[in-house]
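Novice: Sharing a model prediction with you, sequence too.
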Amino acid sequence: ILNVEQSPQSLHVQEGDSTNFTCSFPSSNFYALHWYRWETAKSPEALFVMTLNGDEKKKGQISATLNTKEGYSYLYIKGSQPEDSATYLCASSMEYGNKLVFGAGTILRVKS
Amino acid sequence: DGGITQSPKYLFRKEGQNVTLSCEQNLNHDAMYWYRQDPGQGLRLIYYSQIVNDFQKGDIAEGYSVSREKKESFPLTVTSAQKNPTAFYLCASSIYRGGAGNQPQHFGDGTRLSIL
C-alpha cells in the first residue's frame, strides 16, 4: 500500500502568521497529488489537484507546490485567519488509477 | 444544489447485525467511493465503483459489501463479519475519464457508526 506522510501532525499559529505543511509520497509511478481542507462538522473540500513536477497552484491566500522527483508537496497559507482552521489532507494516486491514498492530515488552529 | 447526501448521520449497530449506510449523489459522477476514518489515521478506501454494476475492493474491504445498481447510489453494508466497525464513514464521488486519479473527489458529510 502506498504510504503518504504529512507533517506536522498539528499546528497552532496566531492570526496573520504564514504557515506551511508537508506531504511526502513515494515518487515511483506517481500520477496525481490532491489537497483537501476539512473543517469541523463539514465535508472535505478539494483545494488542488496537481500532476506535473514543478506544478504550483494558488487559491486566494493558499498555494501548493509539487516535486514528483523527490516525492513531496508543500501547502502554504499566507496570513492565516481563524477561518483557515481545519484539517488539511493530502492524497496521492499512482499509475493512472483512481484510487487515492490519504495521509493522516495536519490540524491547523489559528488563534485571533 | 448538486452534492452528495449520506444518511443516517449517526448509526448504532448491535452485535451480529448488518447495517447499511446510504450514499446518493446528483452530480452525475461516474465514480463513487467509500472511506473509513479512525482516530489518528488517514481516510482508508473500502470500496470504489467506476461505473454502474461494477465495483472494486479497496484496501480494507473485508467485512463490507456494496452495490451499484444506479449511477446515483452506492450503499455500503457493514456486515457482522466486520469485527471493529466503530468508525466515521465518508462517501465520495468524482468524474471518471478512464482514470479518475487526477479528478477532485466530492465528499458527503459522513456517517458515524457505533456499536451498542
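Specialist: It's in. Numbering: from 1, shown residues only, chains lettered A, B, ... in the order given.
Novice: Just the pLDDT at residue B:99, thanks.
Specialist: Residue B:99 carries a pLDDT score of 61 in this model.
Novice: my bad, should have said residue A:1
Specialist: Residue A:1 carries a pLDDT value of 57.
Novice: Can you pull the residues of chain A lying near chain B?
Specialist: Counting by Cβ under 8 Å from any Cβ of the partner chain, chain A comes close to chain B at A:1, A:4, A:31-32, A:34, A:36, A:42-46, A:49, A:51, A:89, A:91, A:93-94, A:96-105. (Each C-beta comes from the backbone N, C-alpha and C, glycine too.)
Novice: could you flag which of these are buried?
Specialist: A:4, A:31-32, A:34, A:36, A:43-44, A:46, A:49, A:89, A:91, A:93-94, A:98-105 (16 or more other Cβ atoms under 10 Å in any protein chain shown).
Novice: What's opposite the residue nearest to the spatial centre of chain B in the beta bridge?
Specialist: The centre of chain B sits closest to residue B:34, judged by Cα atoms, centre = their mean, with a distance of 2.5 Å. Assessed by DSSP bridges, residue B:34 has beta-bridge partners residue B:47, residue B:91.
Novice: mind listing which of the residues of chain A next to chain B are in strands?
Specialist: Among the residues of chain A next to chain B, the members found in strands (DSSP state E) are A:31-32, A:34, A:36, A:45-46, A:49, A:89, A:91, A:93-94, A:101-102.
Novice: Determine which two of the residues you listed are furthest apart.
Specialist: Maximum pairwise distance among these (Cβ to Cβ): 23.3 Å, between A:45 and A:94.
Novice: Give me the distance between residue B:27 and residue B:51.
Specialist: Taking Cβ to Cβ, to the nearest Å as the measure, residue B:27 falls 15 Å from residue B:51.
Novice: Comparing these two, which shows the higher neighbour count?
Specialist: Just comparing residue B:27 and residue B:51: by other Cβ atoms under 10 Å in any protein chain shown the higher neighbour count belongs to residue B:27, 15 against 12.
Novice: where in chain B is pLDDT low?
Specialist: Low-confidence segments of chain B, defined by pLDDT under 70: B:1, B:97-100.
Novice: List, one by one, the residues from it near chain A.
Specialist: By the rule Cβ under 8 Å from any Cβ, the part of chain B lying against chain A is B:4, B:31, B:33, B:35, B:40-45, B:48, B:50, B:58-59, B:90, B:94, B:96, B:98-110.
Novice: If any of those are buried, put those into a PyMOL selection.
Specialist: In PyMOL syntax, the buried subset of the residues of chain B next to chain A is picked out as below (16+ other Cβ under 10 Å):
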select buried, chain B and resi 4+31+33+35+42+43+44+45+48+50+58+90+94+96+99+100+101+102+103+104+105+106+107+108+109+110
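Novice: my read: residue A:89 touches residue B:42, true?
Specialist: Yes - using Cβ atoms under 8 Å, residue A:89 is in contact with residue B:42, at 7.1 Å.
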